[in-house]
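> here's a sequence, model it:
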Amino acid sequence: MHLFLYDNLLQLDSITPVIDIIKDKKKIVVSSLNITHDYKNNNLIKYLKQNDIKCLSFPPTSKINITKLFLIKLILILPKNILIKFQRFFYKLDSKIFLTKNTFLNFLKKEKIKTISIPNDLTNNKKVFLYNLKLYYDFKIIEIEVGLRTLKTNPYLKFPQDYCDFYLASNKFLTLQNKNDIDFNTKTKFFGSCRYSKLWIKKLDELNKINVNEDDKKINVALFMVPRILEENPYFLKDFLKLKNINLKIGNKPKSVLPLKCTDYHFDKLNSNQLINWADVIISHASSILIEAAIKNKKMYFCSFLKFKEKYNILGDYFENVKGIIRVKNFEQLIENIEKEDKNIKRNLFNKNDLFHLNKLRGFDNDLEMINNYINFYESVILE
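The predicted model follows:
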């Protein structure tokens with residue numbers, strides 16, 4: 001059996017296409033580790049259940065932890081304006097582990113779990129908890145990289161994934177200063193990100209069907225920016241909303257430790273997949289969703305002038321090689337360009353060189369080859 005764990009919607013978005021690839025769906029268990037969010041009504045969870053996949057809201061745990069989780073659920077009944085004042089409390093909760101060794105081990109044995117797949121950005125304490133269980137039970141830990149490596153960074157001094165047996169990289173931009181690192185070379189598998197295969201995106205489109213008003217003459221603009229950028233540049237959004245030729249929707253990142261009703265994305269009428277389908281124009285900054293938008297031949301503006309903080313050691317981005325994505329130097333230029341947009345003009349935006357670089361970003365050239373790599377890996381690792 002294969003166990004897949006996740007903590008937020010971005011992680012679920014990355015692991016679901018991997019789950020979908022595995023042939024024997026009845027040998028899969030999926031569970032959330034989130035203690036404040038309920039994902040049972042999410043389309044991805046509904047899709048997994050329809051495919052005979054066992055989905056848990058939380059793994060089995062001790063009676064004490066069950067009581068604690070119940071009390072937390074009671075707290076969530078409080079109004080949003082009260083809950084929002086206790087952000088520190090929820091950040092502390094996010095670092096807590098509401099699992100117990102013996103109960104979780106019994107669960108693994110009962111389900112005959114041979115592999116545990118986790119998102120690479122799962123909190124470190126949860127990784128350590130799972131890794132320490134290997135002393136008592138034989139299984140493999142597989143980390144799946146969430147999103148894509150779209151930003152240029154300095155090579156790692158040391159392979160950072162110490163608590164896994166295998167690391168499934170989204171593309172080959174994961175690099176080390178020491179190229180002969182044994183752990184890196186034996187653990188890392190460069191299969192690519194199946195989240196951005198055309199076959200999976202087609203399934204997402206079917207799951208998230210929307211009606212788009214083709215007769216509307218206004219430009220549909222989807223804005224994907226982190227809240228911090230919009231907060232630091234309030235005049236941009238104010239001026240942007242003055243444009244009379246646009247319908248604007250903002251895509252909020254579905255990742256937060258706060259209760260759902262305290263998050264921005266919970267109130268979004270469309271998710272990122274639906275927003276891309278709805279939009280004529282997409283505005284973003286170094287986001288993986290640009291790959292899906294490019295596959296759908298959407299016109300995109302890339303805000304290259306928005307810089308990341310120095311502490312993140314960001315050297316640049318890999319989208320600079322994709323000429324079909326328009327890079328703008330400031331908010332003023334962006335507004336000028338959008339003002340001149342005409343939704344009736346349809347053209348092929350990406351040439352062969354662009355597609356070559358986009359394939360490097362998603363980590364593979366051929367969908368079926370990538371899928372077979374995942375199938376063969378999960379079939380072979382369970383036999384080791």
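> mind checking the pLDDT average for stretch 266-286?
Confidence for stretch 266-286, expressed as mean pLDDT, is 88.
> what are the buried residues along it?
268, 270-286 (16 or more other CB atoms under 10 Å). The C-beta positions use only the backbone N, C-alpha and C, and glycine is treated the same way.
> stretch 181-199 too?
D181, F184, K187, T188, F191, G192, S193, C194, R195, Y196, S197.
> got it, and stretch 172-180?
Across stretch 172-180, burial judged by 16+ other CB under 10 Å covers F173, L174, L176.
> just checking, the last one touches Y156?
So that's L176. Yes - look at L176 against Y156 with CB atoms under 8 Å: they come within range, at 5.1 Å.
> any idea how far the lowest-mean-pLDDT helix or strand in the chain is from the chain center?
The weakest-scoring helix or strand in the chain, judged by mean pLDDT, DSSP states H and E, is helix 227-232 (a mean of 75). In terms of CA atoms, centre = their mean, to the nearest Å, the centre of helix 227-232 is found 21 Å from the chain centre.
> put together TSV for the buried residues of stretch 172-180, with distance to K101 on each row.
Formatted as TSV, the buried residues of stretch 172-180 follow (distance: CB to CB, whole Å):
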residue	distance to K101
F173	37
L174	32
L176	33
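> quick one: which of those is nearest to N337?
F173 (28.8 Å; CB to CB).
> assign the closest one to helix, strand or coil.
Under DSSP: H, G, I helix; E, B strand; the rest coil, F173 falls in the coil class.
> in what helix or strand does Q11 lie?
If you go by DSSP states H and E, Q11 is part of helix 9-21.
> may I have the next helix or strand after that helix as PDB, with CA atoms only?
The helix or strand immediately downstream of helix 9-21 is strand 28-32, counting by DSSP H and E. Written as PDB, here are the backbone C-alpha positions of strand 28-32 (Å, rounded to 0.1, in the frame of the first residue of the first chain):
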ATOM      1  CA  ILE A  28      -3.600   3.900  -2.000                       C
ATOM      2  CA  VAL A  29      -4.500   5.800   1.200                       C
ATOM      3  CA  VAL A  30      -4.500   9.700   1.200                       C
ATOM      4  CA  SER A  31      -4.700  11.700   4.400                       C
ATOM      5  CA  SER A  32      -4.500  15.300   5.400                       C
END
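> quick check: neighbours of strand 28-32 in the sheet, parallel or antiparallel?
If you go by DSSP bridges, strand 28-32 pairs up with strand 2-6 (parallel), strand 54-56 (parallel).
> would you map the strands across this protein?
Here the chain has its strands, by DSSP state E, at 2-6, 28-32, 54-56, 115-119, 140-144, 151-153, 166-168, 188-189, 219-223, 246-250, 281-284, 299-303, 314-317, 326-328.
> show me where pLDDT drops low in the stretch 51-200 of the chain?
Within the stretch 51-200 of the chain, the stretches with pLDDT under 70 are 157-158, 160.
> if you set the cut-off to 80 instead, what comes out?
Applying pLDDT under 80 to the stretch 51-200 of the chain flags residues 154-161, 176-183.
> could you pull out the helices for it?
Ranges of helices within the stretch 51-200 of the chain are 63-75, 80-83, 87-94, 101-111, 124-132, 182-187, 198-207, based on DSSP state H, counting those that start in this stretch.
> nearest to N34, out of the ones you listed?
The nearest among these, by CB to CB, is helix 87-94 at 8.7 Å.
> buried residues, the closest one. List them.
Applying a neighbour-count criterion of 16+ other CB under 10 Å, one finds F90, L93, D94 buried in helix 87-94.
> also stretch 359-373?
N359, K360, L361, R362, G363, F364, D367, M370, I371, N373.
> show me which of those residues is closest to N124.
Set against N124, the nearest of those by CB to CB is G363 (24.7 Å).
> state the distance from that closest one to Y374.
As judged by CB to CB, to the nearest Å, G363 and Y374 stand 12 Å apart.
> okay, and the common contacts of these two?
Residues touching both G363 and Y374 by CB atoms under 8 Å, 6 or more residues apart in numbering: F191.
> circling back: closest to E232 out of the strands paired with strand 28-32?
Among those, the nearest to E232 by CB to CB is strand 2-6 (30.5 Å).
> average model confidence for the closest one?
In the prediction, strand 2-6 has an average pLDDT of 96.
> and it, how far from the chain's centre?
From the chain centre to the centre of strand 2-6 is a distance of 15 Å (CA atoms, centre = their mean).
> what residues does it touch?
Contacting residues not belonging to strand 2-6 are listed as 12, 15, 18-19, 22, 27-34, 59, 108, 111, 113-119, 122, 378, 382 [CB under 8 Å, 6+ apart].
> follow-up on the earlier one: which ones among the buried residues of stretch 359-373 map onto helices?
Secondary structure defined by DSSP state H assigns N359, K360, L361, R362, D367, M370, I371, N373 of the buried residues of stretch 359-373 to helices.
> for D205, see how far away the closest residue in space to D216 that isn't next to it in sequence is.
Of all residues not flanking D216 in the chain, N247 sits nearest, at 7.0 Å (CB to CB, 6 or more residues apart in numbering). Distance from N247 to D205, counting by CB to CB: 20 Å.
> many thanks, have a good one.
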